[in-house]
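**Q** Build me a model from this:
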Amino acid sequence: MNYAITPAMVSFTFHPIGLINSCYKENFGIPRQAGLVPSARARIVLTRTSEWEAAVDGISEFSHIWVIFVFHDVNPKQKWRPRVRPPRLNKKKVGVLATRSPHRPNPIGISAVRLERVDFEGDKIVLEVSGGDFLDQTPVLDVKPYINYADRIDNAASGWLTGVRLSRPPVKVLFDSEVLAACKNWESSGYTDLIQLIRETLALDPRPSNQIDQPDASRFGCRIFDLDVRWSVEKGLFRVTHVEKLTDYF
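**A** Sure, this is the predicted structure:
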């Protein structure tokens, strides 16, 4: 028996259950997959009601959770393409459904992250997670527990990614002495593990492929928390030259 797909069968309206407060305030610098930067902390914030208190009952017993979210920074007027070029794969095109590109028929993402703790803060319920790849203010559609016996699939095939080097070798990240001292001061004032977070983020080399061959002394920057982080490239090393609080941040 054949079944026809009609709009009535596949049209749904979803409402976010919460928002993510992330250390990454812009797309540049965000790790391309979850788990690559263990020091990247984020807070999934839900409005505290009796229903949501009941909904999170038992979740703290799990070490990891799946977060289903919206790529909210994707231009809704930009039409998705059936074939895309994944980064760092020599411009090879593959089907968008065979990638994790945010430019999809529906801009929905999914990430497995470590659940650090569940807090009840006044009128909010906060799921603090680590290892995320989230842009700040990302809307969350759902949260599900990671279940090891069901979600872990040993010897799973990786398709066209088999044999492909998924990332560049880790970059050595150095700090100017004044910047390192400033970061330690930031850490003492509440920016937990800031030095390690910057080091892990930059070690992945967040530069686009078309910028990796720029000459030495090229300078780059990104926002982590409300801090302006800048670095230069010198003989294959990344040197952090500037970390300063953004006075115009809001």
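**Q** Any idea how far the lengthiest helix in the chain is from the middle of the chain?
**A** Longest helix in the chain, counting residues (DSSP state H): helix 177-188. Centroid separation for helix 177-188 versus its chain: 24 Å, with Cα atoms, centre = their mean, to the nearest Å.
**Q** which helices and strands sit right next to that helix?
**A** The helices and strands touching helix 177-188, judged by 3 or more Cβ pairs under 8 Å, 6 or more residues apart in numbering; DSSP states H and E, are helix 194-203, strand 237-245. To be clear about C-beta, it is placed using only N, CA and C from the backbone, and glycine gets the same treatment.
**Q** which outside residues touch stretch 97-110?
**A** Applying Cβ atoms under 8 Å, 6 or more residues apart in numbering, the contact partners of stretch 97-110 are 33, 66-74, 78, 80-81, 84, 86, 96, 141, 159-160.
**Q** end to end, how far does that stretch reach?
**A** Stretch 97-110 has an end-to-end distance of 13 Å (criterion: Cα to Cα, to the nearest Å).
**Q** can you give me how far it is from the chain middle?
**A** From the chain centre to the centre of stretch 97-110 is a distance of 14 Å (Cα atoms, centre = their mean).
**Q** what does stretch 175-193 give?
**A** Worked out by Cα atoms, centre = their mean, stretch 175-193 lies 23 Å from the chain centre.
**Q** could I get that stretch in CSV with only the CA atoms?
**A** The C-alpha trace of stretch 175-193 is given here as CSV (Å, rounded to 0.1, in the frame of the first residue of the first chain):
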residue,chain,number,x,y,z
PHE,A,175,50.0,33.6,25.7
ASP,A,176,51.9,36.9,26.1
SER,A,177,52.9,37.2,29.7
GLU,A,178,50.7,40.2,30.3
VAL,A,179,47.7,38.5,28.7
LEU,A,180,48.3,35.4,30.8
ALA,A,181,48.3,37.4,34.0
ALA,A,182,45.2,39.2,32.9
CYS,A,183,43.4,35.9,32.2
LYS,A,184,44.3,34.7,35.7
ASN,A,185,42.7,37.8,37.1
TRP,A,186,39.6,37.1,35.0
GLU,A,187,39.5,33.5,36.3
SER,A,188,39.6,34.8,39.9
SER,A,189,36.7,37.0,39.2
GLY,A,190,34.4,34.3,37.9
TYR,A,191,35.6,33.3,34.4
THR,A,192,36.2,29.7,35.3
ASP,A,193,38.9,27.8,33.4
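**Q** For it, the averaged confidence score.
**A** Across stretch 175-193, the average pLDDT comes to 93.
**Q** what does stretch 54-61 give?
**A** Averaging pLDDT along stretch 54-61 yields 97.
**Q** Next, the buried residues of it.
**A** Neighbour counts over stretch 54-61 (16 or more other Cβ atoms under 10 Å) mark V56 as buried.
**Q** Need the contact partners of that stretch.
**A** Residues from elsewhere that reach stretch 54-61 (Cβ under 8 Å, 6+ apart): L46, I65, L115, R117, V118, I125, L127, V143, P145.
**Q** Now do it: distance to the chain's middle.
**A** How far stretch 54-61 lies from its chain's middle: 23 Å, per Cα atoms, centre = their mean.
**Q** Any figure for the gap between the residue nearest the centre of the chain and V113?
**A** Taking Cα atoms, centre = their mean, the centroid of the chain lies closest to D133, which sits 1.0 Å from it. The gap separating D133 from V113 is 8 Å, by Cβ to Cβ, to the nearest Å.
**Q** Give me the common contacts of these two.
**A** A34.
**Q** care to break the chain down by domain?
**A** The chain resolves into domains spanning 15-151, 173-245 when parsed by automatic domain parsing.
**Q** weakest of those domains in terms of mean pLDDT?
**A** Across the domains of the chain, domain 173-245 gives the lowest mean pLDDT, at a mean of 88.
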